[in-house]
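Enquirer: Below are the sequence and a predicted model for it; my questions follow.
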Amino acid sequence: MTTQFRIHAVPPAILDEVRATQRDASGNAPAQVIADGGEPLRCCLRDAAAGEELILFGYEPPLPVSPYREIGPIFTHAQPCTGRASSEAYPADWRVRSQVLRAYDDRGWIHAATVHDGEHPETAIAELLAVPEVVQIHSRNVAYGCYMFTVTRDTSMPSLGQ
(Lines give C-alpha, C1' and ligand atoms only; values in the text may rest on other atoms or scores of the structure.)
Protein backbone atom coordinates (compact mmCIF):
# COMPACT_ATOMS: atom_id res chain seq x y z
CA MET A 1 0.00 0.00 0.00
CA THR A 2 1.35 3.44 -0.94
CA THR A 3 0.99 5.95 1.83
CA GLN A 4 0.25 9.61 1.31
CA PHE A 5 1.34 10.81 4.74
CA ARG A 6 4.31 10.85 7.12
CA ILE A 7 4.16 10.25 10.87
CA HIS A 8 6.58 12.27 12.99
CA ALA A 9 7.78 11.43 16.49
CA VAL A 10 9.10 14.21 18.72
CA PRO A 11 12.27 15.42 16.98
CA PRO A 12 15.53 14.08 18.46
CA ALA A 13 16.91 17.65 18.73
CA ILE A 14 14.05 18.59 21.10
CA LEU A 15 14.68 15.48 23.18
CA ASP A 16 18.44 16.18 23.28
CA GLU A 17 17.74 19.72 24.49
CA VAL A 18 15.38 18.58 27.26
CA ARG A 19 17.86 15.93 28.41
CA ALA A 20 20.83 18.36 28.29
CA THR A 21 19.18 21.37 29.93
CA GLN A 22 16.87 19.41 32.23
CA ARG A 23 14.12 21.90 31.28
CA ASP A 24 10.91 21.34 29.37
CA ALA A 25 8.76 23.76 27.35
CA SER A 26 7.53 25.37 30.60
CA GLY A 27 10.98 25.60 32.15
CA ASN A 28 10.31 22.70 34.53
CA ALA A 29 12.65 19.78 35.19
CA PRO A 30 11.55 16.48 33.62
CA ALA A 31 10.30 13.85 36.06
CA GLN A 32 12.38 10.66 36.14
CA VAL A 33 10.07 7.64 35.87
CA ILE A 34 10.47 3.86 35.84
CA ALA A 35 7.87 2.47 33.44
CA ASP A 36 5.05 0.32 34.73
CA GLY A 37 4.60 -0.77 31.12
CA GLY A 38 2.26 0.67 28.51
CA GLU A 39 3.32 4.31 28.75
CA PRO A 40 3.19 5.78 25.21
CA LEU A 41 6.72 6.83 24.19
CA ARG A 42 6.81 9.83 21.85
CA CYS A 43 10.48 9.28 20.90
CA CYS A 44 9.97 5.92 19.19
CA LEU A 45 6.15 5.74 19.00
CA ARG A 46 5.65 2.54 20.93
CA ASP A 47 4.53 1.51 24.40
CA ALA A 48 7.16 1.28 27.14
CA ALA A 49 8.08 -2.07 28.64
CA ALA A 50 7.98 -2.41 32.42
CA GLY A 51 11.23 -1.26 33.99
CA GLU A 52 12.37 1.10 31.22
CA GLU A 53 13.82 4.43 32.37
CA LEU A 54 11.66 7.31 31.14
CA ILE A 55 11.22 11.02 31.53
CA LEU A 56 7.87 12.78 31.72
CA PHE A 57 7.91 16.42 30.68
CA GLY A 58 5.88 19.25 29.16
CA TYR A 59 6.07 19.39 25.36
CA GLU A 60 4.76 22.04 22.97
CA PRO A 61 3.79 20.36 19.68
CA PRO A 62 4.83 22.13 16.47
CA LEU A 63 2.39 24.85 15.45
CA PRO A 64 2.80 28.42 14.24
CA VAL A 65 2.05 31.08 16.86
CA SER A 66 -1.71 30.78 17.35
CA PRO A 67 -4.32 30.55 20.10
CA TYR A 68 -4.23 26.74 19.68
CA ARG A 69 -0.62 26.24 20.82
CA GLU A 70 -0.44 24.33 24.07
CA ILE A 71 1.96 22.44 26.31
CA GLY A 72 1.16 18.98 27.62
CA PRO A 73 2.87 16.00 29.24
CA ILE A 74 4.66 13.31 27.24
CA PHE A 75 6.78 10.26 28.06
CA THR A 76 10.08 9.52 26.29
CA HIS A 77 13.08 7.35 27.02
CA ALA A 78 15.39 8.94 29.60
CA GLN A 79 18.37 8.24 27.31
CA PRO A 80 18.46 8.51 23.51
CA CYS A 81 16.90 5.54 21.76
CA THR A 82 16.97 4.36 18.16
CA GLY A 83 13.84 6.38 17.43
CA ARG A 84 11.15 5.46 14.96
CA ALA A 85 11.94 2.81 12.34
CA SER A 86 9.42 4.01 9.74
CA SER A 87 7.58 7.27 9.34
CA GLU A 88 5.11 5.92 6.79
CA ALA A 89 3.40 3.31 8.97
CA TYR A 90 0.95 4.00 11.76
CA PRO A 91 2.49 3.01 15.14
CA ALA A 92 1.74 -0.69 15.62
CA ASP A 93 1.37 -0.51 19.42
CA TRP A 94 -1.26 2.20 19.06
CA ARG A 95 -3.32 0.69 16.23
CA VAL A 96 -5.99 -0.61 18.62
CA ARG A 97 -6.32 2.68 20.53
CA SER A 98 -8.96 5.23 19.70
CA GLN A 99 -7.30 8.59 19.06
CA VAL A 100 -8.42 12.15 18.47
CA LEU A 101 -7.03 13.56 15.24
CA ARG A 102 -6.88 17.37 15.21
CA ALA A 103 -6.24 18.95 11.82
CA TYR A 104 -4.52 22.35 11.62
CA ASP A 105 -4.17 24.87 8.81
CA ASP A 106 -1.04 26.87 7.96
CA ARG A 107 -1.93 29.49 10.60
CA GLY A 108 -1.94 26.87 13.34
CA TRP A 109 -5.72 27.06 13.75
CA ILE A 110 -7.78 23.91 14.26
CA HIS A 111 -9.46 23.12 10.98
CA ALA A 112 -11.26 19.90 11.88
CA ALA A 113 -11.10 17.11 14.43
CA THR A 114 -12.29 13.53 14.49
CA VAL A 115 -12.01 10.43 16.65
CA HIS A 116 -10.97 7.18 15.00
CA ASP A 117 -11.51 3.76 16.51
CA GLY A 118 -7.91 2.60 16.20
CA GLU A 119 -8.71 -0.04 13.59
CA HIS A 120 -8.50 2.09 10.44
CA PRO A 121 -6.52 5.21 11.33
CA GLU A 122 -5.18 5.60 7.79
CA THR A 123 -8.72 6.22 6.50
CA ALA A 124 -9.36 8.97 9.06
CA ILE A 125 -5.95 10.54 8.34
CA ALA A 126 -6.55 10.44 4.57
CA GLU A 127 -9.97 12.10 4.97
CA LEU A 128 -8.47 14.98 6.98
CA LEU A 129 -5.53 15.42 4.60
CA ALA A 130 -7.92 15.47 1.64
CA VAL A 131 -8.88 18.99 2.73
CA PRO A 132 -6.38 21.31 0.98
CA GLU A 133 -6.18 23.77 3.89
CA VAL A 134 -5.00 21.08 6.32
CA VAL A 135 -1.19 21.08 6.66
CA GLN A 136 -0.75 18.87 9.71
CA ILE A 137 -2.63 16.62 12.09
CA HIS A 138 -1.89 15.98 15.75
CA SER A 139 -2.88 12.60 17.12
CA ARG A 140 -3.96 12.82 20.75
CA ASN A 141 -4.96 10.40 23.48
CA VAL A 142 -8.76 10.30 23.83
CA ALA A 143 -8.92 10.06 27.63
CA TYR A 144 -6.11 12.42 28.64
CA GLY A 145 -5.81 14.65 25.56
CA CYS A 146 -2.02 14.22 25.46
CA TYR A 147 -0.13 14.74 22.22
CA MET A 148 1.00 11.48 20.56
CA PHE A 149 2.55 12.44 17.18
CA THR A 150 2.22 14.70 14.13
CA VAL A 151 1.05 13.66 10.65
CA THR A 152 1.85 15.58 7.45
CA ARG A 153 1.35 14.93 3.76
CA ASP A 154 4.11 12.97 2.09
CA THR A 155 5.09 15.45 -0.61
CA SER A 156 7.63 13.03 -2.07
CA MET A 157 4.87 10.78 -3.37
CA PRO A 158 2.44 11.63 -6.19
CA SER A 159 -1.12 12.11 -5.04
CA LEU A 160 -3.82 9.75 -6.17
CA GLY A 161 -5.17 10.70 -9.55
CA GLN A 162 -1.88 12.12 -10.87
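Expert: Okay, I see it. Numbers count the residues shown, from 1 in each chain.
Enquirer: Could you tell me the end-to-end distance of stretch 36-44?
Expert: With Cα to Cα, to the nearest Å applied, stretch 36-44 spans 17 Å between its terminal residues.
Enquirer: starting at the chain centroid, how far to it?
Expert: Averaging C-alpha positions (Cα atoms, centre = their mean, to the nearest Å) puts stretch 36-44 12 Å from its chain's average.
Enquirer: Any regions of this structure where pLDDT drops low?
Expert: 1-3, 85, 156-162 (pLDDT under 70).
Enquirer: just checking, A78 touches G51?
Expert: No: judged on Cβ atoms under 8 Å, A78 makes no contact with G51 at a distance of 12.0 Å. For glycine as for every other residue, the C-beta is placed from the backbone atoms N, C-alpha and C.
Enquirer: So if I had to pick from these two, which one is more boxed in?
Expert: A count of neighbours by other Cβ atoms under 10 Å puts A78 above the other of A78 and G51, at 18 against 9.
Enquirer: C44 versus the more buried one, what's the distance?
Expert: 13 Å (Cβ to Cβ, to the nearest Å).
Enquirer: same check, this time on R19
Expert: Distance, R19 to C44, using Cβ to Cβ: 15 Å.
Enquirer: ditto for F5
Expert: 19 Å.
Enquirer: ok, now E53?
Expert: Taking Cβ to Cβ as the measure, E53 falls 14 Å from C44.
Enquirer: So for those two, which sits in the more crowded spot?
Expert: Higher neighbour count among E53 and C44: C44, with 18 against 12, using other Cβ under 10 Å.
Enquirer: mind checking the backbone torsions on the more buried one?
Expert: phi -130, psi 0 (degrees, to the nearest 10).
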